[in-house]
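> Need coordinates for the below:
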Amino acid sequence: MMTTPMRRMARLLVAAAAGVALLVGMAGTANAYPGAGDDRMTSTPTSWWTYQNVDATQVGNYVNMNGARITDLRVVDSSPLRFSVTMVKNTGSYASGWWWYYGVSMSQVTNYLSQNNARLISAVRYGSVYAVVMVPNTGTNAKAWGWCDTDFNGIGACLGTTSRLTNIEAYASNRFVVIFVNNNEGLGWCWYAGISRASLNNVCGGQSVLDVSQNPDGTFNVASVAQSPADGRVKDFTTPTDLVNYALLAPQDRPLFVTPYVTGGTTRWLTSFRHNS
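Below is the predicted model:
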């Protein structure tokens, strides 16, 4: 049971603790950050879509219909397999090669990363397999990075002292899949695990929220980063339609992810918005 929020300020990749699955990737050439694949750090206006409780075929159809690429993928039901998926138009500032896979083992993910010379931008575990999204770790997307499947204490071991967390997804009690990048830009950032919904409203003094997930006990996990001006604001809604309608009000916003959660027996949909106008 996680009852005490923890914040980590990170600076260097180190070896993982025992029992922690760790993969670290290194970028071949340093480039200006963020790149086209780093949509959570970018507020350039673009077309976007989010779909709830859809199967893999539907996801593929929506990608093709919209000329889009997936930026966030979450499993909302493992049998039958259903996703919450968020996309952006794969053009302009967001144009990037990309791949997505589901029902794959950790070794398969590792092989795909090597085969595609890629890094992860979204990863969740369901059962003993993963659903992941990756972009080429080359050109403007190149970034030293890593990911872990670990427990609460293992997250700190994965991060070390030069990295910052970008994604944190819970899949069981005290079990997480996390993605992190080297923080050579020196950005302020923080992460918490096991906090209340109310605490998400002012994470680390109003930093930009990059990712949120819910634990089996109803608490939340969050990763954020300091940006000027601050962006990435957490809100939740009674229906996905309400979320979309809110985002389209002037000035328009773009959801980075959509994660359904249950409170008091009722499902709500939570996101972090970036400006999109």
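> pLDDT weak spots in the stretch 51-200 of the chain?
For the stretch 51-200 of the chain, no stretch is flagged by pLDDT under 70.
> Please enumerate the strands of it.
68-78, 81-89, 99-104, 118-126, 129-136, 145-150, 163-172, 175-182, 189-195 (DSSP state E, counting those that start in this stretch).
> Identify the residues contacting the third one?
Contacts with strand 99-104, where a contact means C-beta atoms under 8 Å, 6 or more residues apart in numbering, come from 56, 59, 70, 73, 81, 83, 108-109, 112, 116, 118, 129-134. C-betas here are computed from N, CA, C, even on glycine.
> Separate out the buried members of the residues you listed.
Buried by 16 or more other C-beta atoms under 10 Å: 59, 70, 73, 81, 83, 109, 112, 116, 118, 129-134, out of the contacts of strand 99-104.
> among the strands of the stretch 51-200 of the chain, which is nearest residue 44?
Between residue 44 and these, the tightest spacing by C-beta to C-beta is seen for strand 81-89, at 9.8 Å.
> tell me which residues in the closest one are buried?
81-89.
> Also stretch 224-233?
Neighbour-count burial for stretch 224-233 flags 224-225, 227, 231-232 (criterion: 16+ other C-beta under 10 Å).
> now that stretch: how far from the chain's centre is it?
On the basis of C-alpha atoms, centre = their mean, to the nearest Å, stretch 224-233 sits 15 Å off its chain's mean C-alpha point.
> Next, the distance between the ends of it.
For stretch 224-233, the first and last residues are 10 Å from each other (C-alpha to C-alpha, to the nearest Å).
> And stretch 90-101, end to end?
Distance across stretch 90-101, first residue to last, is 18 Å (C-alpha to C-alpha).
> contacting residues around residue 121?
Going by C-beta under 8 Å, 6+ apart, residue 121 touches 37-39, 71, 133-135, 166-167, 179.
> a markdown table for the strands of the stretch 51-200 of the chain, including distance to residue 208?
Formatted as a markdown table, the strands of the stretch 51-200 of the chain follow (distance: least, C-beta to C-beta, whole Å):
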| stretch | distance to residue 208 |
| --- | --- |
| strand 68-78 | 15 |
| strand 81-89 | 16 |
| strand 99-104 | 25 |
| strand 118-126 | 16 |
| strand 129-136 | 20 |
| strand 145-150 | 19 |
| strand 163-172 | 11 |
| strand 175-182 | 15 |
| strand 189-195 | 9 |
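> what's the closest of those strands to residue 243?
Smallest distance to residue 243 across the strands of the stretch 51-200 of the chain (C-beta to C-beta): 10.7 Å, for strand 81-89.
> Point out the other helices and strands that the closest one packs with.
Judged by 3 or more C-beta pairs under 8 Å, 6 or more residues apart in numbering; DSSP states H and E, the packing partners of strand 81-89 are strand 48-54, helix 56-66, strand 68-78, strand 99-104.
> from these, which stretch is densest packed?
Most buried of the helices and strands packed on strand 81-89 by mean neighbour count (mean count of other C-beta atoms under 10 Å) is strand 68-78; its value is a mean of 21.
> Show me what that strand is packed against.
Strand 68-78 packs on strand 48-54, helix 56-66, strand 81-89, strand 99-104, strand 118-126, strand 129-136, going by 3+ C-beta pairs under 8 Å, 6+ apart.
> got those as TSV, with distance to residue 184 columns?
Converted to TSV, the helices and strands packed on strand 68-78 look like this (distance: least, C-beta to C-beta, whole Å):
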stretch	distance to residue 184
strand 48-54	29
helix 56-66	32
strand 81-89	25
strand 99-104	25
strand 118-126	15
strand 129-136	18
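> Which one, of those, ends up nearest to residue 197?
strand 81-89 (17.8 Å).
> coming back round to it: residue 151: which of the helices and strands packed on strand 68-78 is closest?
Of all the helices and strands packed on strand 68-78, strand 118-126 comes closest under C-beta to C-beta, at 12.8 Å.
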